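**Student:** The sequence and its predicted three-dimensional model are supplied below.
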Amino acid sequence: MKIFRLEKSINLPITIEECWQFFSSPKNLKVITPAYMGFNIIDVEETSMYPGQIIKYNVTPLFGINMKWVTEISHAEKNKFFVDEQRFGPYKFWHHKHIFKVIDGGVKVIDILDYALPFGFLGVLFHPYLIKPKLDEIFNYREKKLIEIFGKL
């Protein structure tokens, strides 16, 4: 199984508490996801994020095909990091680390996404033409929205 990695980071002029409050709320994921993705949370507890939390979504990642996506918060440490892992959805493997580091004037937000595609060789073949550009587009949109919301260092 070929595992790909995507790494992105942005420096935001906010406190670590503001950062955690925003990113640890699953409902804010819709705010920083392109509308065409059809991203809707269909089930999540109204509590602070915790390890073991299950979040269920509907999403249309490609070609307008609607699918369910279930992730679990496998690790979380307030004001430092959390990890969401796919339990059911479009990827064969999905492990997304969200890391928050205090820097001068704000917080560095780091995303490290390790993922594998379904369909074996075909998934790997389509990766550079379809999946990687789509993920780059989604994370670039996320950066743009975060700058609109918080500004940039």
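**Tutor:** Here it is on my side, so go on.

**Student:** Tell me who's in contact with the nearest residue to Val70 once chain neighbours are set aside.
**Tutor:** Counting by C-beta to C-beta, 6 or more residues apart in numbering, the nearest residue to Val70 once its immediate chain neighbours are dropped is Phe88, at 4.2 Å. Every C-beta, even on glycine, is put in place using the N, C-alpha and C of the backbone. Contact analysis of Phe88 by C-beta atoms under 8 Å, 6 or more residues apart in numbering lists 68-70.

**Student:** Which of those residues has the largest number of neighbours?
**Tutor:** Tallying neighbours with other C-beta atoms under 10 Å puts Trp69 at the head of the contacts of Phe88, with 20 neighbours.

**Student:** which outside residues touch the helix of greatest length in the chain?
**Tutor:** Criterion DSSP state H: the longest helix present in the chain is helix 132-150. Defining contact as C-beta under 8 Å, 6+ apart, one finds that helix 132-150 is touched by 4, 6, 8, 10, 12-14, 18, 22, 31-34, 37, 61-62, 109, 111, 113, 115.

**Student:** Can you classify the residue nearest the centre of the chain by secondary structure?
**Tutor:** A centroid search over the chain (C-alpha atoms, centre = their mean) returns His96, at 6.4 Å, as the residue closest to the centre. When the structure is split into helix, strand and coil by DSSP: H, G, I helix; E, B strand; the rest coil, His96 lands in strand.

**Student:** okay, now the nearest residue to Gly106 once chain neighbours are set aside: neighbour count?
**Tutor:** Excluding the flanking residues, the one nearest Gly106 by C-beta to C-beta, 6+ apart is Pro13, at 4.3 Å. Pro13 has 13 neighbours, counted by other C-beta under 10 Å.

**Student:** All set now, cheers.
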